[in-house]
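**Student:** everything below, folded, please.
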Amino acid sequence: MEIKDNKLNDIQNDKINSNRFSGFAQLYENSRPAVPAFACNMVMKYLERKPEQIVDLGCGTGLSTMAWLGKCDNIIGIEPNDEMLSIAKRKSSGISFIKAYSDSTTLPEHSTDIVICSQSFHWMNPANTLKEVDRILKSNGVFATIDCDWPPVCGLEAESAYMQFYNKVKLIEYENKDINKTFQRWNKDMHLQNIRQSGYFRYCREIVFMNQEKCNANRFIGIALSQGSLQTILKIHPDLIEKDIELFEKKVKSIYGSDEFDIGFCYRMRIGIK
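**Tutor:** Have a look, this model is predicted:
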């Protein structure tokens, strides 16, 4: 009975985490960073051969999947959220997008050279997901998680405004049980340990790097607004955060006006080689 209950909890967590990303897919698509070429090149370096197939687990709107165009013969994005998937499917015809969960991809055994989780592994049950990764990954294949640190690097004033704003978001999330129960999140700091302890990989390590992109005030605001924690508050208790959003937007626009500027996304990539 205990095993069945745990399985039921896993299914429920998968569903609520997927639902968390409904209602702001286009904002996510317009604001979030793409996966840098450096990350793709490092993963292929560890693979030591040209990949025939790469699978992007929790691909969202396909931002991370598009990075593999021209680098791989067969590219597959896996995403359970319908809104995110609908945007992804409008993209290149050279990519296949499948509605599925990370622990049940529907893909054949030992069919994939590379499995990537970009900004998504913390929304997946690590034990169940890594078991599925091991099932679909070929011998000597590579698994990698890629995560950004928030806020992005852009300067003291804007970063401080972002941190102040998100401290309020975290407080609201913590104090309201009806918000807190709408997700199950796993600690990103445990990614490498979870990969190592799974026993599926003969070599594991972390790689840290930064990538610069162009930004403006509207995109910086969009990055903050595209976080699932804030969007959940807006769905359930908008009155608790609307004034803070207004102040944050006003502050960012006063800092940057209509100027374009460089923004740095700091990444932590955890790699496991089967």
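**Student:** so for this protein, the centremost residue is which one?
**Tutor:** Ranked by distance to the mean C-alpha position of the chain (Cα atoms, centre = their mean), the top residue is Gln119 at 1.8 Å.
**Student:** quick one, what contacts that one?
**Tutor:** With contact taken as Cβ atoms under 8 Å, 6 or more residues apart in numbering, Gln119 is in contact with 32, 58, 60, 64, 146-148. (Each C-beta comes from the backbone N, C-alpha and C, glycine too.)
**Student:** now do the phi/psi pair for it.
**Tutor:** Main-chain dihedrals, Gln119, degrees, to the nearest 10: phi 60, psi 30.
**Student:** and it, how far is that from Lys188?
**Tutor:** 10 Å (Cβ to Cβ, to the nearest Å).
**Student:** shared neighbours of these two, anything?
**Tutor:** Each of Asp147 lies in contact with both Gln119 and Lys188 under the rule Cβ under 8 Å, 6+ apart.
**Student:** name the residues of stretch 99-108 that are buried.
**Tutor:** Within stretch 99-108, the residues that qualify as buried are 100-103, 105, 107, counting by 16 or more other Cβ atoms under 10 Å.
**Student:** closest to Leu171 among those residues?
**Tutor:** Nearest to Leu171 among the buried residues of stretch 99-108 is Ser102, at 29.8 Å by Cβ to Cβ.
**Student:** right, and the closest one touches Ile78 too?
**Tutor:** Yes. When contacts are counted by Cβ atoms under 8 Å, Ser102 is listed as touching Ile78 (6.7 Å).
**Student:** joint contacts of the two?
**Tutor:** By Cβ under 8 Å, 6+ apart, the residues touching both Ser102 and Ile78 are 57-58.
**Student:** nearest residue to Met42 other than its sequence neighbours?
**Tutor:** Leaving aside its chain neighbours, Met42 sits nearest to Ile207 (6.1 Å; criterion: Cβ to Cβ, 6 or more residues apart in numbering).
**Student:** what's the spacing between the helix ranked longest in the chain and its chain's center?
**Tutor:** Criterion DSSP state H: the longest helix present in the chain is helix 156-175. Chain-centre distance of helix 156-175: 20 Å, with Cα atoms, centre = their mean, to the nearest Å.
**Student:** try stretch 106-126
**Tutor:** For stretch 106-126, the distance to the chain centre is 12 Å (Cα atoms, centre = their mean).
**Student:** still on that earlier bit, quick check: which element contains the residue nearest to Met42?
**Tutor:** Assigned by DSSP states H and E, Ile207 belongs to strand 203-215.
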